[in-house]
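Undergrad: show me the folded form of this:
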Amino acid sequence: MFLFKKIIAAILLPVPMVLIITVLGLFLLWFSKRQRLGKWMASLGVLMLVLLSATPIANLLISPLENHYPTYDLSQGPVKFVMVLGSGHVSDPRLPVTSQIGSASMARLLEGIRIYKANPGAKLIVSGWGGADPVPNAEVVAQVAIALGVLEVDIVKEPRAKDTHHEAQLVKAVIGRAEFALVTSAAHMPRAVALFNKQEMRPVPAPANYLVKNRPGQSVSIQFSATNLAKSESAIHEYLGLAWSKLRGQI
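TA: Reported below is the predicted structural model:
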């Protein structure tokens, strides 16, 4: 079921979907008599690429997710656990450990360390399996945390978790019913909180890795870029994840 979920999600994400539609349209134009359908499909693929790469559309898709919870307030009371959800990494020994995790993972970890340092005695929980990588994400992130000044005795590693639902199930035995800071990407936070709440846990949202950033007084701009396409992809990934979790009864 886990593999099936990953395959379906990969197909329905913007870039694969645009490529599939466009290639099918071109195939019909070149190798069939269904010229009209081919033109429509190729045009649809290009239109989707243009729209999803545009700043207003990308921001419109992802902003409701990122703004669902406010940033973490250090004055709201102490926590005993800071949970940093796993993200991508590549355990390449040629690189410094800080370059072995992705930007999303680094942003999450830095926010987790900020909260950890504001709560003396707290434990920093890092999670995530390795996937195709022989080293689990939890292990690599833990090494980065140590390099950034976190005491090794304060780190709890959960290297078995394959996704957020699995993370919530596995760390429940460690955290129990205690309030804890839940750190993940801002767009992922609504789904993550719902999954942990379903396990009857008490997460306090600590969103990180915001993709939409506005300067005071900044006017709305229309730009077409790969960055905007990445925003759209992240948003659609989360909407698909929410739908899947509801379908499976996980939230």
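Undergrad: confidence score at residue 214?
TA: Predicted confidence (pLDDT) for residue 214: 83.
Undergrad: host element of it?
TA: Counting by DSSP states H and E, no helix or strand carries residue 214.
Undergrad: okay, it and residue 66: tell me how far apart.
TA: 11 Å (Cβ to Cβ, to the nearest Å). Quick note: C-beta positions are derived from backbone N, CA and C, even for glycine.
Undergrad: those two: which has the busier surroundings?
TA: residue 66 (24 against 11; other Cβ atoms under 10 Å).
Undergrad: quick one: low-confidence ranges for the stretch 51-200 of the chain?
TA: Confidence mapping of the stretch 51-200 of the chain against pLDDT under 70 gives zero matching residues.
Undergrad: okay, strands next: where are they in it?
TA: Here the stretch 51-200 of the chain has its strands, by DSSP state E, counting those that start in this stretch, at 81-84, 123-127, 155-158, 179-185.
Undergrad: in terms of residue numbering, what are the domains of the chain?
TA: 2-66+227-247, 74-208 (automatic domain parsing).
Undergrad: phi, psi of residue 151?
TA: phi -70, psi 140 (degrees, to the nearest 10).
Undergrad: hang on, the earlier thing: highest mean neighbour count out of the domains of the chain?
TA: domain 74-208 (a mean of 19; mean count of other Cβ atoms under 10 Å).
Undergrad: quote the end-to-end distance of it.
TA: 14 Å (Cα to Cα, to the nearest Å).
Undergrad: show me what contacts residue 81?
TA: By Cβ atoms under 8 Å, 6 or more residues apart in numbering, the residues touching residue 81 are 122, 123, 125, 156, 174, 175, 178, 180, 181.
Undergrad: enumerate every residue touching the fifth one.
TA: Contact criterion Cβ under 8 Å, 6+ apart gives 81, 125, 156, 158 as the residues in contact with residue 174.
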